[in-house]
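**Q** show me how the following folds:
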Amino acid sequence: MSETATVKESDTVQIHFEGRLPDGTVFETSEGGDPLSFVAGSDEILPGVSQAVIGMTANDAKDVELDPQNGFGERHEELVKKVDRDQLPKDAKIGDQLKAPIGDRELIVWVRELSDKRAVLDANHPLAGVTVTFTITLVAIVEK
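**A** Numbering: from 1, shown residues only. Okay, the predicted model is just below:
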């Protein structure tokens, strides 16, 4: 595609990005690595980022603020459970990501609290409920 092509829904794009918390702390970046490839407007990545690239041209950069609905989702307290400490690996520590069997599937949970007898597990994404900002730089619109 030409240099002046603009991203349309269903175009495959490559971006570099930097994600920041409300206090400015960077929680993830693609700098120093390969660009992220995805289909614009799809649900392959965060909805707010997927939609934000539509209308951009190569080398454009912009900041996008994502509320929880367009980012990592709302927090759901029903996804926070207290369990007996002995149900976790002996070396588990706060912040660990574990797989919890739920029926015939596995759920990813994070260890939020630990004591000698109890543990608090959270199946919410760690950034659920948080408004985040992404700086997006469009690297390319990929030829089909």
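**Q** tell me what the least confident helix or strand in the chain by mean pLDDT is packed against?
**A** Ranking every helix and strand in the chain by mean pLDDT, DSSP states H and E puts strand 97-102 at the bottom, with a mean of 86. On a contact count with 3 or more C-beta pairs under 8 Å, 6 or more residues apart in numbering; DSSP states H and E, strand 97-102 meets strand 105-114. Every residue, glycine included, has its C-beta placed from N, CA and C.
**Q** okay, now the sheet partners of the strand it packs on, with direction.
**A** The pairing partners recorded for strand 105-114 under DSSP bridges are strand 97-102 (antiparallel), strand 118-122 (antiparallel).
**Q** select, out of those strands, the one closest to residue 66.
**A** Each of the strands paired with strand 105-114 was checked against residue 66 via C-beta to C-beta, and the shortest separation belongs to strand 118-122, namely 20.4 Å.
**Q** which residues sit against the closest one?
**A** 79-85, 87-88, 92, 98, 100, 109-114 (C-beta atoms under 8 Å, 6 or more residues apart in numbering).
**Q** please pick the buried ones from those.
**A** Members of the contacts of strand 118-122 that pass the buried threshold by neighbour count (16 or more other C-beta atoms under 10 Å) are listed as 80, 88, 98, 109-112, 114.
**Q** so which residues of this structure form helices?
**A** Using DSSP state H, the helices of the chain run over residues 47-52.
**Q** so residue 139 makes contact with residue 15?
**A** Yes. Shown here, residue 139 and residue 15 form a contact pair, counting by C-beta atoms under 8 Å, at 5.9 Å.
**Q** any shared contact partners between these two?
**A** With C-beta under 8 Å, 6+ apart, residue 139 and residue 15 have common neighbours residue 35.
**Q** between the two, which is the more surrounded one?
**A** residue 15 (25 against 17; other C-beta atoms under 10 Å).
**Q** mind jotting down where the strands sit in this structure?
**A** Secondary structure of the chain by DSSP state E: the strands cover 12-20, 26-29, 36-39, 61-66, 80-84, 97-102, 105-114, 118-122, 132-141.
**Q** with just CA atoms, put the least confident helix or strand of the chain into PDB.
**A** C-alpha atoms of strand 97-102 as PDB (Å, rounded to 0.1, in the frame of the first residue of the first chain):
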ATOM      1  CA  GLN A  97       0.000 -16.400  38.200                       C
ATOM      2  CA  LEU A  98      -1.500 -19.900  38.600                       C
ATOM      3  CA  LYS A  99      -3.900 -22.100  36.600                       C
ATOM      4  CA  ALA A 100      -6.900 -23.200  38.600                       C
ATOM      5  CA  PRO A 101      -9.000 -26.100  37.300                       C
ATOM      6  CA  ILE A 102     -12.700 -25.100  37.000                       C
END
